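Participant: Provided below for reference: sequence and predicted model.
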Amino acid sequence: MVSIGVEAAVHQKAVLWGAPTFDQVRIGWNETRHAAGGVADFKTSTMTATFPGGGIIVYRSLDDPDNARGHTADGVIIDEAGDVAERAWYEVMRPMLIDTDGWAWIVGTPKGRNWFWREYAAALDRDDAARWQIPTLGCRIEDGRLVRDPHPLENPDIPWREIEHIFSTTPIDVFRQEIMAEFLENQGAVFRNISANLYAGGETPEDHAEHRIVMGVDWGKQRDFTALSVVCADCRKELALDRFNQIDYTVQRGRLRALAERWHVGHIVAESNAMGTPIIEQLVRDSLPVQGFETTASTKPPLIESLALAFEREEVEWLEHPAATMELEAYERKVSGTTGRSQYSAPEGLHDDTVMARALANHAINQYAWWID
């Protein structure tokens, strides 16, 4: 991050560097001072580094987000973002980039599923964003043992024996968070045991000849995604997962038909809300075996809870798919203060299309009368 900030300032840009506490800000300050090699003018009284040509880096502690107010920046750097209050980003630092169409580097150690996690998750579907998840030293945990698994961006100066020592003396969740850079599930996470239910795929229609195949469909357009999940109910494996957006509904129907014909799908459950009903009616006219499912405040909770239970019991193998896994990990349960009823949805700014498609496919396996021999 130091090189990013210095390079921008050298090119006469204004950068705001924020961290959770003053001591953490001072670390960035000192590292930048060393990197600048005497070229920049560092003023402790204002916590600024001014470079020849007018470029500047302003350092601010974000323990009180208002410390950073009043600035316009070409770029911002948030260090240890997991410990920074979300108000600092959404209300203070993000708005200061509007006038400049500026950039942001948000860096830190994961700390649960907070705003840092949401921005990391959202980057997967944004054309103007990228993300990296970098362990201190590449490794994985197999059967309770630590196994070396080199990562191209790991720290090459840390000895493997030190990582082994930390693993043997640290609680496993702490190790996964601090060393493996994993965003751990919150206590209120809807879907647990996710990784144990994933597989690489590679199935072909011939592998499932004469098997009973179902499909779950969640419709979307423009910003939201349409998701199609094809599952073999005999083998309990997801065979295909298609996810796309900004496609005309006529093309979406054609894409669904092609997938259904390829896998010889015998039953399709599609969300019928809003635009779903006319699409389903057209699919039925096209002789596709589609049945609608209306998602309401009363029908959605059991639908989602059934899928969550399938993950807990490892009843179905689901395809490894980064966006779909992220949706599962981010999915939230809230309790209505007036009715006490569980409400399930993706966090604001994220998607739940593959969650819904999989829930509908799971529903097709377990609930529909046609399925009973």
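Facilitator: Cool, the structure landed.
Participant: so what does the lowest-mean-pLDDT helix or strand in the chain touch, helix or strand wise?
Facilitator: Scoring the helices and strands of the chain by mean pLDDT, DSSP states H and E places strand 332-335 at the bottom, with a mean of 77. On a contact count with 3 or more CB pairs under 8 Å, 6 or more residues apart in numbering; DSSP states H and E, strand 332-335 meets strand 342-345. Where C-beta positions appear, they are placed from N, C-alpha and C, glycine not excepted.
Participant: Which other helices and strands does the strand it packs on contact?
Facilitator: helix 300-313, strand 332-335.
Participant: in what helix or strand does Ala361 lie?
Facilitator: Here Ala361 is covered by helix 353-367, with elements defined by DSSP states H and E.
Participant: now that helix: mean pLDDT?
Facilitator: Per-residue pLDDT values across helix 353-367 average out to 93.
Participant: just stretch 232-241 next, same as before
Facilitator: Stretch 232-241 comes out at a mean pLDDT of 95.
Participant: Dihedrals phi and psi, the residue nearest the centre of the chain?
Facilitator: Central residue of the chain (CA atoms, centre = their mean): Ala121, 2.5 Å from the mean position. Phi and psi for Ala121, reported as degrees, to the nearest 10, are phi -70, psi -40.
Participant: One more: Tyr59?
Facilitator: Torsion angles, degrees, to the nearest 10, at Tyr59: phi -110, psi 130.
Participant: which ones are touching it?
Facilitator: Shown in contact with Tyr59 (CB atoms under 8 Å, 6 or more residues apart in numbering): 17-18, 25, 28-29, 47-49.
Participant: picking that back up, sheet partners, orientation included, of the least confident helix or strand of the chain?
Facilitator: strand 342-345 (antiparallel) (DSSP bridges).
Participant: Let me know how buried Leu288 is, in neighbour terms.
Facilitator: Residues lying near Leu288 (other CB atoms under 10 Å) number 18.
Participant: From Ala240, how far off is Ile304?
Facilitator: 22 Å (CB to CB, to the nearest Å).
Participant: Settle it for me: which of these two has more neighbours?
Facilitator: Between Ile304 and Ala240, counting by other CB under 10 Å, Ile304 is the more crowded of the two (26 against 19).
Participant: who's in contact with the closest residue to the more buried one other than its chain neighbours?
Facilitator: Sequence neighbours aside, Tyr344 is the residue nearest to Ile304 in space, at 4.5 Å (criterion: CB to CB, 6 or more residues apart in numbering). With CB under 8 Å, 6+ apart as the criterion, the residues that contact Tyr344 are 190, 300-301, 304, 331-334.
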